[in-house]
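Novice: Got a predicted structure plus its sequence, pasted below:
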Amino acid sequence: MNPPRSVNLSELSGTVEIAPGYQVELPDDDCLILVAGAKYPAAATRYDHPHLAARQDQVFHTRAYWPDGRKKWFAHAGRDFYFVIPRDRIELVFTKGYSYVPVLVNGQSWRLNVSGGGGEIWTDYVRHQSHVGIGCSKKQLDSLARAALPPGQAQDQVNLELKELSTSDAAYFAELLAGSVCREHLAAGHQLFLQDGYRFDDRRGPFYVESKTPRRRVYLVRTRPDGGTCVRVPYQSIDWTATATANEFPVPQPLLENRLGPVQPYVEALAQTA
């Protein structure tokens, strides 16, 4: 079976019919900003390139569906990478995407996460900036970087405004990242602390790691460094930030680097309306 045809965005404009009952609306911009994410502790989170427009640490939210129809949400510490790519280096793939518009960049397949909907005709709306996923590898990021403009050229083409994380989001990111660091480094003898609301022997810690149960998200700890009671501690009850601090595990603060312009401070919604 032949692959669907693709057409360079420089040859397309406005609303493009992909198939009966499905169309894509394109922006007029000469360049698009594509945002690709990587999740900690993957090596891709440390990615850098001279053509990178910006990097920003974020809290990513994903969901999974159980066989009975229930869904569960998950949070991940991650990093977004911003690339400014001329439209003549992007091809639109003529197949139905339904809110995930398929494109080609440097021969690599991507799906733009966009808004869409409609009645008899479903329309996906591609905006000036689109996200392409949060599980990207260094190889995939390199593919985007090779097509992107360097910051010196990109800042003449687009206006990229990035805002700091709120205090609560920054703290949540730090906790998620601390969890990743602790799960990688916690070993026998290290200290462990419980979250607020969890206690054993009327205290939150320190407890002392004895081992980690195989294939389970549980640590076995002791109440004293020389022994004491053995306690099973599941991941969800651990204060990762306090545990990382007690064991002197370095946990980086959220990074935000905009190479095209200044970074905007976060302003609480209440302050904006006052």
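Specialist: Yep, that arrived.

Novice: ranges for the helices of the stretch 151-274 of the chain?
Specialist: Secondary structure of the stretch 151-274 of the chain (DSSP state H, counting those that start in this stretch): helices located at 151-154, 167-185, 240-246, 269-273.

Novice: nearest to G205, of those?
Specialist: helix 240-246 (7.2 Å; Cβ to Cβ). Glycine gets a C-beta too; all of them are placed from N, C-alpha and C.

Novice: So which residues make contact with the closest one?
Specialist: Residues outside helix 240-246 that contact it (Cβ atoms under 8 Å, 6 or more residues apart in numbering) are 174-176, 178-179, 181-182, 186, 190-193, 204-206, 249, 251.

Novice: same check, this time on stretch 7-18
Specialist: By Cβ under 8 Å, 6+ apart, stretch 7-18 touches 23-26, 28, 32, 87-88, 90-92, 94-96, 123.

Novice: before we move on, what about stretch 207-215?
Specialist: Residues contacting stretch 207-215 (Cβ under 8 Å, 6+ apart): 186-194, 200, 218-225, 230-233.

Novice: what about 7 Å?
Specialist: Contacts of stretch 207-215 with the rest of the structure, by Cβ atoms under 7 Å, 6 or more residues apart in numbering, involve 186-192, 219-225, 230-231.

Novice: tell me the mean pLDDT for it?
Specialist: The average pLDDT within stretch 207-215 is 90.

Novice: S180 is in contact with Y40, correct?
Specialist: Yes: if you go by Cβ atoms under 7 Å, Y40 and S180 touch, sitting 4.8 Å apart.

Novice: Residues that sit against both of the two, list them.
Specialist: Shared contacts of Y40 and S180 (Cβ under 7 Å, 6+ apart): A77.

Novice: mind listing what's buried in the helix or strand harbouring V59?
Specialist: Using DSSP states H and E, V59 sits within strand 54-65. Burial within strand 54-65, assessed by neighbour count using 16 or more other Cβ atoms under 10 Å, is assigned to A54, R55, Q56, D57, Q58, V59, F60.

Novice: Alright, that wraps it up for me.
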